[in-house]
Structures are given as C-alpha cells and as structure tokens.
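J.: Sequence and predicted structure, then a few things I'm wondering about:
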Amino acid sequence: MTVKDILAAIQSPDSTSEDFAALQIPESYRAITVHKDETEMFAGLATRDKDPRKSIHLDEVPLPELGPGEALVAVMASSVNYNSVWTSIFEPLSTFGFLERYGRTNELAKRHDLPYHIIGSDLAGVVLRTGPGVNAWRPGDEVVAHCLSVELESSDGHNDTMLDPEQRIWGFETNFGGLAEIALVKSNQLMPKPDHLSWEEAAAPGLVNSTAYRQLVSRNGAGMKQGDNVLIWGASGGLGSYATQFALAGGANPICVVSSEQKADICRAMGAEAIIDRSAEGYKFWKDETTQDPKEWKRFGKRIREFTGGEDIDIVFEHPGRETFGASVYVTRKGGTITTCASTSGYMHEYDNRYLWMSLKRIIGSHFANYREAWEANRLIAKGKIHPTLSKVYSLEDTGQAAYDVHRNLHQGKVGVLCMAPEEGLGVRDHEKRAKHIDAINRFRNI
Ligand SMILES: C/C=C/C(=O)SCCNC(=O)CCNC(=O)[C@H](O)C(C)(C)COP(=O)(O)OP(=O)(O)OC[C@H]1O[C@@H](n2cnc3c(N)ncnc32)[C@H](O)[C@@H]1OP(=O)(O)O
Ligand SMILES: NC(=O)C1=CN([C@@H]2O[C@H](COP(=O)(O)OP(=O)(O)OC[C@H]3O[C@@H](n4cnc5c(N)ncnc54)[C@H](OP(=O)(O)O)[C@@H]3O)[C@@H](O)[C@H]2O)C=CC1
C-alpha cells in the first residue's frame, strides 16, 4: 500500500469509512524536516540572512506508532506559518530542545524526540486511523487540525486548555507536524473541514485564524466590541488578514498598518477604509538601536486620529514586537488594551510605562487558542463569515522557498503547501456555498 492508494481512496466519491479503515498505511511517508545535526548551520549570521531553503529538507520518514487518543491523518494540504520559519532558522532557540523535553515526560512521548523534526502546524486532510479511546472521529472524516496539543492531567488547564502546563504547539513543540503526507495529531485537535473550500484553502486559516480570534475577539483576549478602534499591524499578513476580517465582521473599526500600496489595496478589498502605509509614511520609532523617538509615536497617533475623528485606539493587535511596541502603548486610549502574541522584530520590548499606568492601559499576552476558540474560529470559516487569505500555493518539494518568502515578508496573507493533493482546487464539496463567496475566497490569490 502506498500514498497513491490513499489518495485514490480520498478522490473516489464512493469511498466509505470502512474502506478507509481497511486501507493499509504505508510504513514510511514524505515529510518536511529540519535536522538536529544542522542546528548550528547559521551561527554568526544575521536573522534575515538565515535561509530556510538551506535548513528545510524533504525526507522519507517512518510512520510513528499511533497512541491512545490520537489520529493519523492523510494530509492533502498544509500551510506555512511563521513558527516554521523560526524552527528553520533555529531562533530564538532550536526546537529540538522542546522535543527532548517532551520526550522525557512519558514512554509514548519519547516517539517525538528524534534527530529530525517534522514541522508544520496546519493541515486539511482525511482521518486514516484513530487510536484507542477516540469516538468522535472515524476513518474517512474530512478534517482540519488546530495546533494545540495538551495532556490535561493537571487541574490548571481545565478552565482554559491553553493554561495546561503541558501545553504545546503541534509541529513546533511536538514532532509529526502537518507539512507531510501523513500527520499524527491528538484527536481533540480535529475539526470538520469547511465543505466549500479546497484542501489548500481549508488548510490556510487554522493557526492564524484561531490565534487572531482569541487575541482579538475572545474574552481571554481583548474582547473586542462594536465600534472599537482596532490598530492592526501587518493587516494583510497571516494574523492581520484574519484580525482585519474579525474587526470588520464584528462592527469594529480597523486601522490597518501595511508596508506597500499593494497591501493597502488588499485591505481595501477586505472592506477596510483606514489604512496606514508605514513605508510610504516613513515612521521611524527608533532613532538608533537603543533610543526610541516619542515624536514619531505622536506623528503616528495624529495620523490615527485623522481616521477616527480624533479618537485613540481601543485595542492594538500587536505582534511585530520591539520595533512597534513603544508606539503601540502610546497610541492606545485611556483604559485601552494592547494585546500581543509575538515579537517578530525582537522580544525585548521597551515602552514608556507612564503612558500605561497613568492612562490605565492593559497589556494582555495571548497565545494560540483553546479547542473551543479554535472551533468557533473554524465555524466562522465554515459559515462563510470569515474567508481564507491564501495567496500562493507551493508543492511539498518547494516548502523551503515558501518559508523563505514568509521569512523575507515577500508574501501576502497565507502561503499554502500541497502535500498529498496532486493539484489545487480539489476537495470542494459544497459548490453552491462556494459560489456565494468566491470573490472573497480568491481575494488574496496570486497577488
Ligand atoms: C501558534 C504559533 C505560535 C508562534 O508562532 S509563537 C512564536 C514562536 N515561539 C517562540 O518564539 C517561543 C520559543 N520559546 C522560547 O523562547 C522558550 O521556550 C521560552 C522563553 C518561552 C521559555 O523558555 P524555557 O527555557 O522553557 O523557560 P525558563 O523559565 O527560562 O527555563 C525553565 C527553567 O526555569 C525554571 N523556572 C521557570 N519559572 C521560574 C521562576 N519563576 N523562578 C525560578 N525558576 C523558574 C523552570 O522550573 C525550569 O527549570 P529546570 O530547567 O530546572 O526544569
Ligand atoms: N503566539 C501565537 O499563538 C502566534 C504567534 N505568531 C507570531 O506572530 C508573528 C506574525 O505572524 P504572521 O502574521 O503569521 O506573519 P506574517 O509574516 O504573515 O505577517 C506579519 C506582518 O507583520 C508586518 N511586520 C513584520 N515586521 C514588522 C515590523 N518590524 N514592523 C511593523 N510591521 C511588521 C508585516 O506586514 P507589513 O510589512 O505589511 O507591515 C507582515 O506582513 C510571528 O512572529 C509568529 O511567529 C503567529 C501566530 C500565532
């Protein structure tokens, strides 16, 4: 039995769950990896010069053993997330440390501690096998997977699973990720694939859509409400393209920051009106490596007020980090919220704390999403309220180039990767629903 036989079953309209259960699963499969013996390959280089095309490999790997509560999924498509960029440049640290630490926790987790790391934190595909104790999913189910892996043996995670002490991001802090022909997930990562989307479209939103949902909409994040002025950095990027849609769909007022006219046009196409081109307007929040320029914060704040009729920002959707954080804190209104999930430009932030405490602002740390939040975010995609922002699609062989594009900010929205799917456009089940939303689904394509 080969991957081709699995693909044939997926593409046959007559395949039943029993047919999938009867399929033999190959003993090995193709997967995107980084190698433990290469973690020093970029030593001494500046971050931007570390090239994922050199560290990312396509390898034939053995199938992992299936454990209780787990599922093996045939991956039709995946997407590139920035966490795979971090893994591939071994920053801020090598992810092999996570695999070693996980491997020490129990006998089954030892499977993850390997000299190669199969990366990727999104997938759309078909369940092949489920382990003992899995009742909610069956072979043949068409699914997407979110990337929260939890053990839930401690009480800490039982109000909000993101607080589990054994919380990990699948395909980043665990092995057997989604940039592969077959992936191993916990069954409580699975969600129904939106039936009006192709495999690659369905695989695109997962991680960033769920993260943006928690960070901006959920009560665990900023709890956005109607009329809020929401400052969105990187508004046409991975996270930002979903934050912008949530702001618009929720009756808020997104103020979108981008770095080119082309990206500004994408934001306009999504329905945003207030757009700041940070390149054209030349904001320089840092005078040099150690000194910020509060005059530039003020210039930025004045520009925002031009769009809002003099109002300041209720919620900042932060992720660039060091470069923008001082400005983000400054432009937030009294009592407003800065919610952050990342530090792409540097994690040692500096801001003027007087503007935080005197104006009773809050900084909220946010990370991915719990199962319920991921489910709600996926439900909005399935209902056609929020749309994938897929721009370009690569083959599994070209994943290194795809990660390079994301690392160098050459992409728009999300970049997809075909895994088992032989071509784009397959997997659509509800053509009528798709037709209703086709313009929105294609908004980011091939720009
Ligand atoms: C969904 C997608 C998401 C993204 O894309 S996010 C972006 C990508 N992700 C990242 O860039 C994050 C990568 N991860 C990291 O950089 C590191 O992962 C962290 C900095 C988050 C954590 O580092 P660590 O080394 O795990 O934590 P420590 O706390 O520095 O070291 C652990 C040791 O420190 C002890 N410790 C923890 N808290 C305290 C404390 N409050 N007082 C004293 N000790 C403490 C622990 O017990 C343990 O000790 P013992 O090593 O002996 O086991
Ligand atoms: N904690 C979590 O759960 C998650 C964290 N992340 C992290 O969030 C970050 C962003 O991820 P994602 O949105 O997918 O990445 P993308 O690269 O797709 O988008 C980020 C956007 O941010 C903007 N940007 C980049 N650098 C700067 C800068 N120095 N100043 C201002 N804007 C900047 C760019 O837009 P433009 O050039 O147009 O301004 C870019 O398009 C990554 O570090 C990622 O690891 C992502 C998902 C989940």
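T.: Everything's here; your move. Ligands and ions are numbered 1, 2, ... in the order given.

J.: Run through the bridge partners of Ile363.
T.: Note on Ile363: beta-bridge partners by DSSP bridges are Ile338.

J.: I'd guessed it sits against Cys341; true?
T.: No: with contact defined as Cβ atoms under 8 Å, Ile363 does not count as touching Cys341 (11.7 Å). Placement of C-beta: from N, CA and C, glycine included.

J.: Which one of the two is surrounded by more residues?
T.: Between Ile363 and Cys341, counting by other Cβ atoms under 10 Å, Cys341 is the more crowded of the two (21 against 17).

J.: do you know how far the residue nearest to that one when sequence neighbours are not counted is from His319?
T.: Setting aside the residues directly before and after it, Cys341 is nearest to Ser366 in space (Cβ to Cβ, 6 or more residues apart in numbering), at 4.7 Å. Plainly put, Ser366 is 10 Å away from His319 if you go by Cβ to Cβ, to the nearest Å.

J.: Which other helices and strands does the helix or strand Asn209 falls within contact?
T.: Following DSSP states H and E, one finds Asn209 within helix 206-212. Of the remaining helices and strands, those touching helix 206-212 by 3 or more Cβ pairs under 8 Å, 6 or more residues apart in numbering; DSSP states H and E are helix 238-249, helix 371-382.

J.: could you give the mean pLDDT of the host helix or strand of Val230?
T.: Assigned by DSSP H and E, Val230 belongs to strand 229-232. Mean pLDDT, computed over strand 229-232, is 99.

J.: Okay, now the sheet partners of the longest strand anywhere in the chain, with direction.
T.: Longest strand of the chain, by residue count under DSSP state E: strand 70-80. Strand pairing for strand 70-80, determined by DSSP bridges: strand 123-130 (antiparallel), strand 182-186 (antiparallel), strand 414-418 (antiparallel).

J.: Pipe those strands into a markdown table and attach mean pLDDT and mean neighbour count per row.
T.: Output for these, formatted as a markdown table (pLDDT from 0 to 100; neighbours: other Cβ atoms under 10 Å):
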| stretch | mean pLDDT | mean neighbour count |
| --- | --- | --- |
| strand 123-130 | 98 | 26 |
| strand 182-186 | 98 | 27 |
| strand 414-418 | 98 | 27 |
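
J.: which one of those strands lies closest to His349?
T.: For the strands paired with strand 70-80, proximity to His349 was assessed by Cβ to Cβ; strand 414-418 is nearest, at 26.3 Å.

J.: any idea of the angle that closest one forms with helix 238-249?
T.: Our comparison of strand 414-418 with helix 238-249, counting by axes from the mean of the first three to the mean of the last three Cα atoms, to 10 degrees, yields an angle of 120 degrees.

J.: is strand 414-418 up against ligand 2 anywhere?
T.: No: figure legend: strand 414-418 not in contact with ligand 2 (Cβ under 6 Å from any ligand atom); closest approach 7.2 Å.

J.: In contact with Gly133, which residues?
T.: Contact analysis of Gly133 by Cβ atoms under 8 Å, 6 or more residues apart in numbering lists 68-69.

J.: From here on, call the first residue 171.
T.: Happy to do that; since the first residue is 171 now, the last one works out to Gly303.

J.: quick one: pLDDT of it?
T.: We note a pLDDT of 98 for Gly303 in this prediction.

J.: give me the number of residues near Arg604?
T.: Neighbours of Arg604 under the rule other Cβ under 10 Å: 18.

J.: Also Gly597?
T.: Neighbours of Gly597 (other Cβ under 10 Å): 24.

J.: which non-adjacent residue is nearest it?
T.: Trp369 (4.1 Å).

J.: Flag the shaky bits of this protein, pLDDT-wise.
T.: 171 (pLDDT under 70).

J.: what kind of secondary structure is the one residue in the chain that gets nearest to ligand 1 in?
T.: Minimum separation of the chain from ligand 1 (Cβ to the nearest ligand atom) falls at Asn253, amounting to 3.6 Å. Three-state assignment for Asn253 (DSSP: H, G, I helix; E, B strand; the rest coil): helix.

J.: Ala178 versus that one, what's the distance?
T.: Separation of Asn253 from Ala178 (Cβ to Cβ): 33 Å.

J.: give me phi/psi at the residue nearest to Cys511?
T.: Dihedral angles of Ser536 (phi, psi; degrees, to the nearest 10) stand at phi -140, psi 140.

J.: I'd like to know how many residues surround it.
T.: Look at Ser536: counted by other Cβ under 10 Å, it has 22 neighbours.

J.: can you check the one 5 residues further on too?
T.: Tyr541 has 18 neighbouring residues, counting by other Cβ under 10 Å.

J.: wait, it sits on Cys317?
T.: No: here Tyr541 does not reach Cys317: they are 11.0 Å apart, not a contact under Cβ under 8 Å.

J.: Name the residues contacting each of these two.
T.: Both Tyr541 and Cys317 are contacted by Gln359, under the criterion Cβ under 8 Å, 6+ apart.

J.: ok, which residues in this structure are in contact with ligand 1?
T.: Taking Cβ under 6 Å from any ligand atom as the contact definition, the chain meets ligand 1 at 252-253, 256, 262-263, 317, 339, 377, 381, 512, 538.

J.: From those residues, list the buried ones, please.
T.: Neighbour-count burial (16 or more other Cβ atoms under 10 Å) applied to the residues of the chain next to ligand 1 gives 252-253, 256, 317, 339, 377, 381, 512, 538.

J.: Pick the one among these closest to Gly348.
T.: Of those, the one sitting nearest to Gly348 (Cβ to Cβ) turns out to be Cys317, at 8.1 Å.

J.: what residues are up against that closest one?
T.: Going by Cβ under 8 Å, 6+ apart, Cys317 touches 291-292, 339-342, 359, 376-377, 380, 538.
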